[in-house]
Structures are given as C-alpha cells and as structure tokens.
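# Sequence plus the predicted model coming up.
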Amino acid sequence: MPTIGVLALQGDTAEHLRALADLSVTAVPVRRPTELEKVDGIVIPGGESTTIGKLLDAFELFTPLRERIAAGMPAYGSCAGMIMLASEVLDGRPDQRVLSAVDMTVRRNAFGRQVDSFETDVVLDGIPGGPFRTVFIRAPWAERVGPGVEVVGRISGGAANGKIVAVRAGCVMATAFHPEVTGDLRIHRAFVELVRHA
Amino acid sequence: MTNDQATALNTTGTARVKRGMADMLKGGVIMDVVTPEQAKIAEDAGAVAVMALERVPADIRAEGGVSRMSDPDMIDGIIEAVSIPVMAKARIGHFVEAQVLQSLGVDYIDESEVLTPADEANHIDKWPFTVPFVCGATNLGEALRRISEGAAMIRSKGEAGTGNVVEATRHMRQIRADVKRLTVLDEAELYAAAKELRAPFDLVQEVAKAGRLPVVLFTAGGIATPADAAMMMQLGAEGVFVGSGIFKSGDPAKRAAAIVKATAFHDDADVVAKVSRGLGEAMVGLNVQTLPETQQFAKRGW
C-alpha cells in the first residue's frame, strides 16, 4: 500500500489529505526533505504559488522535490500545484520558481480576479462517470503544452472556450481547478491508481 | 449554446467559490499595506494576500477621526503592484463601500471593526455580492451570525493596532471552547445552545456535527512577532492577519518573511526560534487594559 504525501507549506493541504483518507489511502503532510523521502507520490495543493515557491526554497525542499519527480515519483497538482509543476509561467513574478515537471506554459490568474472565479462542468478524458463539476479560484490555464503532454480537459463555452485546464504527462497530473473542495474523488482515485502502478 | 445556458453552466460567486478562496489562503499570512511599495515588500516576503488600507490600525488609533474605506486610486495602485490577492476593508454595515470595492475588483472584503461602523444595528447582507467577505468575531455566536449573513471566512478580532496579542488569544480560545462544547451536546440541547449563542439553529447543528466552523478561521488583532503568529496557529487559527505589526516595526521586510515562516512551521520551535533572531525593533505596542472602552475596536459589531 503506497503512502502519498501532500505538500503542507501553505494552501488547502487539509482538503487533499481528507480526499485521500476518504479513499482509504495513507496520506501524510510533507514539509521537510526527510518527510519527502518516505512518500511514494506527492500532491501539491491549491494555495498561493509565490508563497509555496518561496517556502520550498527557504526550507530546502525545492531541489529534492524536483529531483524526485524527475526520477519518476508520481505528482498531482491542483491550481497553484499546476503552476508549480509547469515549465514556464506567464504573469508570474520574475523570481517565481517552478518544478518543470510538465512541459507546459501556464498563465497565472488567467481567468481574472476572485470576482471572476467560477464553477462549471468539464468533461475529462479517461475519467469515467460523466462531466466533472469543477471549481476555479483565481485559476491558471495551460497556454501551451509540449509533445508528450496529454490534454485531459478543456473549458467548454464562454469566453475561455477551449482553454486547457487538465493535463497528464507520464506520471504527473495537473488540474487548474480544485477537485478537493467538491467531494468528487474521481481525480484523486486516478492519481492513487497512478501511484500504485508506478 | 445560448447565453442563458452558458450562465447556468458557469456560475460565479457561489458559496463554494467564496469559501474555497479562503481555503487557498490557509497556512498563510495576510499583511496590511498602505502603499504599493509596502505591498511589494509583503509579496516579496511570501504573503498570501495583502490588505489595502489608508492607515494601519495603530495610526487610526493615534490620529482618531472617522476611518473609512480607502481611496479607489490607492487600491488600484496596490492591485497594479502585486500578483497576489488584494483585500480591502469596508465599514461595518456600509454596503455601498462594499459595492465600490467589488467594482474595483478586490479579491476579498473585510467588513471591519477597525474602521468606524456605519450602522449600529446591521452588518452588510453579504449574500448578494460576488466578492467574498471576511468578518471579525470574538466568540462562536458572533462568528455564526456573520456566516448567516454570508461571510465566507472568519477572523478573530483581537485588538487591532495594539501590538498586543492578548485579545486575539482570548477570542481564539473562546471560539475553540464554544465549538468543543457544542460537540458534546445532544440534539435537544442544541436548541438551547443556539438561543444562548444567538445564532441560527442549522449553523449550530452543523458546527456540532463537524466540530469546526463551516468556513476558514484566521486570527487577527495584535500579532507582532513570529512567536505570536505561531501561538495563534497552535490555538487553532488556520492563518494569520498582521496589521500594524510589520510596517510599524524596525525591519518590515525581515519581520514579514519571519512571520511567514513561523506560520508555516508553527509547531516547530526550532524554526520559530531561528526566524525570531535579529528582527530589530518590534512595534512598541499598547496595553489593552488601559484603553478606554470607546477605543476598543473589538467591541464594535453586533
């Protein structure tokens, strides 16, 4: 039985831990390199990507995390987590650091400010059970994805029609929305399967 | 697809979107700033959001007079300066200040006792707004009244602008004790508890069942040091507002970064000790017991 870590520097770590616990998976918070060593997969939660990046650096977790993911440890990021996993960030801070786990360019706060945050239905490839009710909060989207990156979901309708909001590349998954706040466990289940078979 | 269908599919301002925004701030520090330069220092230090206001609470105390929503130009300047969320304060009950702040595109409104109240009986009806609200509370009943009016996040009131954490401690302990007490009551006793708390029964029942508030709980009011922030987190806060404590201190950039780290590692005394070194002067602070009642902000709000 694998152990999944949830990065616990800042953000909605508790919601991801709860979702994984609901799937009867052993899930633990990760804030230190020694805690990272003990997990078989990592979730990077929603939160403020600039804060999470600074704390990863300050507590010497940035390099070990990047190296573990590069070496094949499965990772899943929601919202800020998607930004952290990207290879390039638009509208970020000049000193913003990313883990470059997925060859993609993301635009930060792409849908606008909090008053523009929204819920919608998104159809996700490879996730059975019908459209996913998704919650977007000052969310990013992927503006470009490299070869080998599978687009799993896009916005349908409205001004952002067609924008990429869910991707998968090898054993790394990322969503611009927050399945952890909806109670729909299908994405976490898919990630747990990924970790089991890694 | 017609426009109507698109609207039905894509909905802004739902309770989930508003409360979810507060979830994303958890474990973080929200800092009071009065200029774009201060906002940049806060963002550089790792703040999860900034609170744009004209004067920090310590200056509001010192200068007196009526304290209101900030100048829209000043809020625009701060929104322009940083990429992190920007919050702003409206007076208690002043729903038009709130409408203006929503129109400016702020990410969260603090209906705040730090400003001079505009209505002595009613708070803002927060449900019709798309922008989410945070409100102060001194106990569970007050928190649940604010949530019933539509607040998507609660913070302790503390006693803002004093640099004295004693009132925030009292409020955090009180809220925690009130929540714990509900969890051991039986269903019949909850009706009396709701009456006592002066809070809606369905919310009282929800708290009793979950053992926590239905929204995120931050702390605010008098936090001046990394140890203050860590203590509030250990008392059950899910994040920290720092008002005057940063920009009224000797080395704001260093103190801000230290409070961010101490909040994230609040249960690790080695980290809190390390970041507490060499921060320079803390804000001077005021003794809350000697404040006349008319100058106690926490007493504002009903």
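On my side now, so go ahead. None of these values were measured; they are calculated from a predicted model. Residues are numbered from 1 along each chain as shown, chains lettered A, B, ... in the order given.

# Going by C-alpha atoms from here, please, whenever you check contacts or count neighbours.
Will do.

# I'd assumed B:Lys89 was in contact with B:Val106.
No. The criterion here is Cα atoms under 8 Å, and B:Val106 misses it with B:Lys89 at 9.9 Å.

# so who does the residue in the stretch 151-300 of chain B positioned nearest to chain A touch?
Residue nearest to chain A within the stretch 151-300 of chain B: B:Ala264 (5.6 Å; Cα to the nearest Cα). Residues in contact with B:Ala264 (Cα atoms under 8 Å, 6 or more residues apart in numbering or on different chains) are A:Leu9, A:Gln10, B:Gly27, B:Gly28.

# Could you tell me the backbone phi and psi angles at it?
The phi and psi torsions at B:Ala264 (degrees, to the nearest 10) take the values phi -70, psi -40.

# Equivalent analysis for B:Gly65, please.
According to degrees, to the nearest 10, B:Gly65 has phi 80, psi 180.

# go on, A:Glu119?
phi -110, psi 150.

# ditto for A:Thr175
phi -130, psi 140.

# Over to A:Ala142?
The phi/psi pair for A:Ala142 (degrees, to the nearest 10) is phi -90, psi 120.

# Count residues in the vicinity of it, would you?
27 (other Cα atoms under 10 Å in any protein chain shown).

# any idea how far the nearest residue to it once chain neighbours are set aside is from A:Phe59?
In this structure, A:Ala142 finds its nearest non-sequential neighbour in A:Val106, 4.3 Å apart by Cα to Cα, 6 or more residues apart in numbering or on different chains. Distance, A:Val106 to A:Phe59, by Cα to Cα, to the nearest Å: 25 Å.

# And for A:His197, the neighbour number?
10.

# hang on, the earlier thing: quick one: residues contacting the residue nearest to A:Ala142.
A:Ile83, A:Ala86, A:Glu88, A:Val89, A:Leu90, A:Pro140, A:Trp141, A:Ala142, A:Glu143, A:Arg144.

# correct me, but the fourth one touches A:Thr105?
It stands for A:Val89. Yes. Using Cα under 8 Å, A:Val89 makes contact with A:Thr105 at a distance of 5.7 Å.

# In chain A, which helix is the longest?
helix A:186-197 (DSSP state H).

# quick one: that one to chain centroid distance?
Computed by Cα atoms, centre = their mean, to the nearest Å, the chain-centroid distance of helix A:186-197 equals 13 Å.

# what's in contact with that helix?
A:1-2, A:19-20, A:23, A:25, A:40-41, A:73-74, A:76, A:127, A:171, A:173, A:179.

# Now do B:Ala257, the pLDDT please.
Here, the pLDDT recorded for B:Ala257 equals 98.

# what does B:Met1 give?
At B:Met1, the pLDDT value in this model is 36.

# now swap in A:Arg93 and tell me
For A:Arg93, pLDDT reads 88.

# So it lies in a helix, does it not?
No. Counting by DSSP: H, G, I helix; E, B strand; the rest coil, A:Arg93 is located in no helix; its state is coil.

# residues in the stretch 201-302 of chain B within reach of chain A, list them.
B:Lys261, B:Ala264, B:Phe265 (Cα under 8 Å from any Cα of the partner chain).

# quick one: which helix or strand includes the first one?
Remark: B:Lys261 resides in helix B:252-264, with elements defined by DSSP states H and E.

# which parts of that helix are buried?
Across helix B:252-264, burial judged by 16 or more other Cα atoms under 10 Å in any protein chain shown covers B:252-264.

# Is it possible to get a markdown table of those residues that adds distance to B:Gly20?
Formatted as a markdown table, the buried residues of helix B:252-264 follow (distance: Cα to Cα, whole Å):
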| residue | distance to B:Gly20 |
| --- | --- |
| B:Pro252 | 30 |
| B:Ala253 | 29 |
| B:Lys254 | 30 |
| B:Arg255 | 28 |
| B:Ala256 | 25 |
| B:Ala257 | 25 |
| B:Ala258 | 26 |
| B:Ile259 | 24 |
| B:Val260 | 21 |
| B:Lys261 | 23 |
| B:Ala262 | 24 |
| B:Thr263 | 20 |
| B:Ala264 | 19 |
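
# show me where pLDDT drops low in chain B?
Low-confidence segments of chain B, defined by pLDDT under 70: B:1-10.

# Now for residue 123: which residues touch it?
Defaulting to chain A. Contacts of A:Val123 by Cα under 8 Å, 6+ apart are A:Gly130, A:Pro131, A:Phe132, A:Gly153, A:Arg154.

# hm, I was asking about chain B
Per Cα under 8 Å, 6+ apart, neighbours of B:His123: B:Ile92, B:Gly93, B:His94, B:Arg146, B:Glu149, B:Gly301, B:Trp302.

# picking up where we left off before, going by neighbour count, list what's buried in the longest helix of chain A.
A:Arg186, A:Ile187, A:His188, A:Arg189, A:Phe191, A:Val192, A:Leu194, A:Val195.

# before we move on, what about stretch B:177-194?
In stretch B:177-194, counting by 16+ other Cα under 10 Å, buried: B:Asp178, B:Val179, B:Leu182, B:Thr183, B:Leu190, B:Tyr191, B:Ala193, B:Ala194.

# and chain A, which of these contact it?
Within the buried residues of stretch B:177-194, nothing lies near chain A by Cα under 8 Å from any Cα.

# Strands - which of these land there?
Among the buried residues of stretch B:177-194, the subset assigned to strands under DSSP state E is empty.

# Show me which of those is closest to B:Asp44.
B:Val179 (36.2 Å; Cα to Cα).

# Wait, the closest one touches B:Ala208, no?
Yes. Between B:Val179 and B:Ala208 there is a contact under Cα under 8 Å: 7.0 Å.

# Could you count how many residues lie near B:Pro132?
Neighbour count for B:Pro132, taken as other Cα under 10 Å: 30.

# picking up where we left off before, distance to B:Gly245 for the buried residues of stretch B:177-194 - can I get that in a markdown table?
Output for the buried residues of stretch B:177-194, formatted as a markdown table (distance: Cα to Cα, whole Å):
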| residue | distance to B:Gly245 |
| --- | --- |
| B:Asp178 | 28 |
| B:Val179 | 29 |
| B:Leu182 | 34 |
| B:Thr183 | 35 |
| B:Leu190 | 39 |
| B:Tyr191 | 41 |
| B:Ala193 | 37 |
| B:Ala194 | 36 |
